[in-house]
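Trainee: No sequence on hand, only this structure:
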């Protein structure tokens, strides 16, 4: 699996569909099992935009990486 984002990456300033499509493509290109989203963009969560960003991201990843073949986890 690949772990994405973390405490130093604030992804919600970018388009979720584009970012997460590229992330899913990375998984496919590298024959990985899935993605762990370590979403720590607290400022986005506090202003109410982080939730929708994470929903859009998760849906895009799941569209490209279907269950049960691929795993998607969150650590928001």
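Mentor: Everything's here; your move. On a predicted model such as this, the values are computed, not experimentally measured, just so you know. Numbers count the residues shown, from 1 in each chain.
Trainee: C-alpha only now, for contacts and for neighbours.
Mentor: OK.
Trainee: give me the low-pLDDT residue ranges for the chain?
Mentor: For the chain, the stretches with pLDDT under 70 are 76.
Trainee: now the helices for it?
Mentor: 16-29, 42-47, 50-64 (DSSP state H).
Trainee: With mean neighbour count and distance to residue 1 added, can I get those helices in JSON lines?
Mentor: Shown next, in JSON lines, are these (neighbours: other C-alpha atoms under 10 Å; distance: least, C-alpha to C-alpha, whole Å):
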{"stretch": "helix 16-29", "mean neighbour count": "17", "distance to residue 1": "8"}
{"stretch": "helix 42-47", "mean neighbour count": "13", "distance to residue 1": "24"}
{"stretch": "helix 50-64", "mean neighbour count": "18", "distance to residue 1": "13"}
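Trainee: Now distance to residue 73 too, for the ones you listed, in CSV please.
Mentor: Formatted as CSV, the helices of the chain follow (distance: least, C-alpha to C-alpha, whole Å):
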stretch, distance to residue 73
helix 16-29, 13
helix 42-47, 18
helix 50-64, 9
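Trainee: Out of the ones you listed, flag the one nearest residue 5.
Mentor: When those are compared by C-alpha to C-alpha, helix 16-29 sits nearest residue 5, at 10.4 Å.
Trainee: Give me the distance between the spatially most distant residue from the centre of the chain and residue 12.
Mentor: Note on the chain: the largest C-alpha distance from the chain mean falls to residue 47, namely 19.1 Å (C-alpha atoms, centre = their mean). From residue 47 over to residue 12 the distance is 11 Å, taken as C-alpha to C-alpha, to the nearest Å.
Trainee: Same check on residue 39?
Mentor: Counting by C-alpha to C-alpha, the gap from residue 39 to residue 12 is 9 Å.
Trainee: Same question for residue 25.
Mentor: Distance from residue 25 to residue 12, by C-alpha to C-alpha: 19 Å.
Trainee: again with residue 40
Mentor: Distance of residue 40 to residue 12, computed by C-alpha to C-alpha: 10 Å.
Trainee: now swap in residue 22 and tell me
Mentor: Using C-alpha to C-alpha, residue 22 is found at 15 Å from residue 12.
Trainee: now swap in residue 74 and tell me
Mentor: 15 Å.
Trainee: Looking only at neighbour counts, state which of the two leads.
Mentor: For residue 74 versus residue 12, the count of surrounding residues by other C-alpha atoms under 10 Å is larger for residue 12: 20 against 13.
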